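**Student:** sequence-free structure coming up:
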C-alpha cells in the first residue's frame, strides 16, 4: 500500500535507533490520509519531528515526541484525542483551534511550563496533566470551560494554585493530587460544582478546606489522603459514599460533618493519627441506608474500636459464631472486626474472609484466647459489615445454620492480631437502601459453595487513575 493511502499506523521505536526514528517521522509526514497514529519513541529529543501531519487525524498518542513544535501547517479540525508523553517541549504550540478535541493528556512532560489556552478547545471533555514537574500555572480559561467533565492534575509540584472555577457546570471528576498545594492554592469555588461526583485533593499541604462541600449534592467520593497538615474536615454532603483520609497526621477527630451522610459506607483513615471518635462514626454508619441490603467498610488507625467490640475479639484470624434461633429474621447482617498489624500491605484495598458452615455441635467450642491490646502492636482496625440481603442469592445461604466459622484469609495469623464477629439487630435500621449508584459494592464474592463462602471486603479505589492504554 502506498504511504498516502494509509489511515492507521503504530510504531514502537523503543528498540530502534535514532536513524530509524528519524526516517519514520519523514514517512509520517507523507501520509495524507492518516486518521489514527500511535508512536513509542525512545530518543525523541535527538530527532527532528514530522514537518506535516495529516489533516484527517482523529487520534494521536505519541510517547517521546521530539522537542520541536508541532507543525505550523497542522490543521487539526478533526482531531478528537491528543496524548503526548515524555516530550521536552516547554509549551504545546503549533496549533490554535481544535474544535472537536475531546481528550487532552500531557504526561511526563518535564519541561512543560505553559498549558494551552482552553478557549481554543471548546469541546474538551477530559484533561490530564501528570508528571509535569516544572508547570507553575494552568491557563485561567480552564475555569470558564463549559464542556469539560473530567480533570486530573497529578504530581505537578511547582503548581502554585488551581484556576478559579467559574462555569464548569458539567465537571464530574476533579483530581488535583500530589501537587503540594497549600492554603489558598485550592479555589473555594469548587463548592459551586453542582454536578461534581468525585473530588480528590490528596497529597496537598492544606491545613483546612475552605469549602462548603455540603452544597455538592452529587458528590460521592472525597479523598484527602496524605494531606498531612489537615486538622479538620468540612461539613460533608448527604450524597457522600466514600471518604478516604489515610496519612492525615494532624486529623484527630471527625467532628460532626458527617451527620447528614446516610449513604456513607466506605471510610478509611489509617497510617495517620488515632481518631478519638471512631466508635461514634461506626454506630452512625450502622444506621445508614446501606445497612439493609448493602455493605460497609471502615478502616481506622489504632485499636480503640476493636477494644470496645462486643463480644471481645479473639487472638488470630479465626472466630466461631453461634447463631440463635430465627437469626435470619431477627438480625440483618454480619459485623466483623479485625486488628491488623501495620506492616501488612495497607495499600491493598481488600481483606478476604471465608465463612464455613459447622454442622456438628462438637465443633462449637471457642477455645482461642481473648485478644488484648499490646503496647507495641502498631496496629489498625478493619470493620466490615455484610447484610443478609446481599447474601440470600448465594448457593451458600441456608437459614438452618447453627454456627459459622469465620477466617481471615490471605494473611499470616501473626499479622492479624485479633478477630471477632457479631450479628447486627434489625432494630438498628433507620433507612432503606437503593444501593450505591455508580460504585461497586463494598464486598465481592470470591467463592460460593454450599458449605463455604469467601468474600473480600473492599475499600473503594477510584477507577479513573492513569491508564496508558486507554483510548480515551
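**Tutor:** Perfect, thanks for sending it. Treat the numbers as computed from the prediction; the structure is a model and nothing was measured. Numbers count the residues shown, from 1 in each chain.
**Student:** tell me the phi and psi of the nearest residue to residue 66 once chain neighbours are set aside?
**Tutor:** The shortest distance from residue 66 to any non-neighbouring residue, by C-beta to C-beta, 6 or more residues apart in numbering, is to residue 49 (3.7 Å). (C-beta placed from N, C-alpha, C; glycine too.) With angles defined as degrees, to the nearest 10, residue 49 sits at phi -70, psi 170.
**Student:** So residue 49 versus residue 78, what's the distance?
**Tutor:** In this view, residue 49 and residue 78 are 20 Å apart by C-beta to C-beta, to the nearest Å.
**Student:** out of those two, which sits in the busier spot?
**Tutor:** Between residue 49 and residue 78, counting by other C-beta atoms under 10 Å, residue 49 is the more crowded of the two (22 against 16).
**Student:** Do I have it right that that one meets residue 65?
**Tutor:** Yes - judged on C-beta atoms under 8 Å, residue 49 makes contact with residue 65 at a distance of 6.7 Å.
**Student:** got the residue ranges for the strands in the stretch 201-350 of the chain?
**Tutor:** Using DSSP state E, counting those that start in this stretch, the strands of the stretch 201-350 of the chain run over 221-223, 242-244, 266-269, 295-301, 314-315, 318-322, 331-341, 350-357.
**Student:** can these go into JSON lines with extra columns for distance to residue 5?
**Tutor:** Below are the strands of the stretch 201-350 of the chain laid out as JSON lines (distance: least, C-beta to C-beta, whole Å):
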{"stretch": "strand 221-223", "distance to residue 5": "47"}
{"stretch": "strand 242-244", "distance to residue 5": "50"}
{"stretch": "strand 266-269", "distance to residue 5": "53"}
{"stretch": "strand 295-301", "distance to residue 5": "55"}
{"stretch": "strand 314-315", "distance to residue 5": "72"}
{"stretch": "strand 318-322", "distance to residue 5": "68"}
{"stretch": "strand 331-341", "distance to residue 5": "61"}
{"stretch": "strand 350-357", "distance to residue 5": "50"}
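**Student:** Please give me every residue in contact with residue 100.
**Tutor:** 77-80, 123 (C-beta atoms under 8 Å, 6 or more residues apart in numbering).
**Student:** Kindly confirm my reading that it is in a helix.
**Tutor:** No - read with DSSP: H, G, I helix; E, B strand; the rest coil, residue 100 is coil and lies in no helix.
**Student:** per-residue confidence for it?
**Tutor:** pLDDT for residue 100: 93.
**Student:** With residue 411 instead?
**Tutor:** Residue 411 is given a pLDDT of 65.
**Student:** And the one 3 residues further on, by the same measure?
**Tutor:** pLDDT recorded at residue 414 is 57.
**Student:** Also the one 10 residues further on?
**Tutor:** Residue 424 is assigned a pLDDT of 95 by the prediction.
**Student:** Could you do residue 232 as well?
**Tutor:** The model's pLDDT for residue 232 equals 90.
**Student:** and it, how many neighbours does it have?
**Tutor:** Neighbour tally, residue 232, other C-beta under 10 Å: 14.
**Student:** distance of it from residue 337?
**Tutor:** On the measure of C-beta to C-beta, residue 232 and residue 337 end up 27 Å apart.
**Student:** and if you look at residue 27?
**Tutor:** 63 Å.
**Student:** Could you do residue 291 as well?
**Tutor:** Using C-beta to C-beta, residue 291 is found at 16 Å from residue 337.
**Student:** Residue 27 and residue 337: who's more crowded?
**Tutor:** Neighbour count, other C-beta under 10 Å: between residue 27 and residue 337, residue 337 has more, with 25 against 14.
**Student:** Quickly list what the more buried one is bridged to.
**Tutor:** Here residue 337 sits in beta bridges with residue 383, residue 420, going by DSSP bridges.
**Student:** What's the per-residue pLDDT of it here?
**Tutor:** For residue 337, the pLDDT comes out at 97.
**Student:** hang on, it packs against residue 385?
**Tutor:** No - in this structure, residue 337 is not within contact of residue 385 by C-beta under 8 Å, at 10.0 Å.
**Student:** Please name the residues that touch residue 114.
**Tutor:** 90-92, 135, 137, 139.
**Student:** after the lowest-mean-pLDDT helix or strand in the chain, next one along is what?
**Tutor:** Least confident element among the helices and strands of the chain, by mean pLDDT, DSSP states H and E: helix 18-28 (a mean of 82). Using DSSP states H and E, the helix or strand that follows helix 18-28 in sequence is strand 36-40.
**Student:** Touching the helix or strand just after that following strand from outside, list them.
**Tutor:** Counting by DSSP H and E, the next helix or strand C-terminal to strand 36-40 is strand 59-63. Residues outside strand 59-63 that contact it (C-beta under 8 Å, 6+ apart): 35-41, 53, 79-87, 471.
**Student:** Same question for stretch 316-331: list its buried residues.
**Tutor:** Residues of stretch 316-331 classed as buried by neighbour count (16 or more other C-beta atoms under 10 Å): 316-321, 323, 327-328, 331.
**Student:** now swap in stretch 447-458 and tell me
**Tutor:** 453-458.
**Student:** Out of these, name the ones that lie in strands.
**Tutor:** Those of those mapping onto strands are 453-458, per DSSP state E.
**Student:** Can I get these in JSON lines including pLDDT and distance to residue 176?
**Tutor:** Listed next are these as JSON lines, based on pLDDT from 0 to 100; distance: C-beta to C-beta, whole Å:
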{"residue": "453", "pLDDT": "96", "distance to residue 176": "41"}
{"residue": "454", "pLDDT": "95", "distance to residue 176": "38"}
{"residue": "455", "pLDDT": "94", "distance to residue 176": "34"}
{"residue": "456", "pLDDT": "91", "distance to residue 176": "30"}
{"residue": "457", "pLDDT": "88", "distance to residue 176": "29"}
{"residue": "458", "pLDDT": "85", "distance to residue 176": "25"}
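**Student:** which one among these gets closest to residue 213?
**Tutor:** Of all these, residue 458 has the smallest distance to residue 213: 24.0 Å, by C-beta to C-beta.
**Student:** That closest one pairs with what?
**Tutor:** Note on residue 458: beta-bridge partners by DSSP bridges are residue 350.
**Student:** do you know how far it is from residue 317?
**Tutor:** Counting by C-beta to C-beta, the separation of residue 458 from residue 317 is 18 Å.
**Student:** wait, residue 48 sits on residue 66?
**Tutor:** Yes - applying C-beta under 8 Å as the test, residue 48 and residue 66 come out as touching, 6.3 Å apart.
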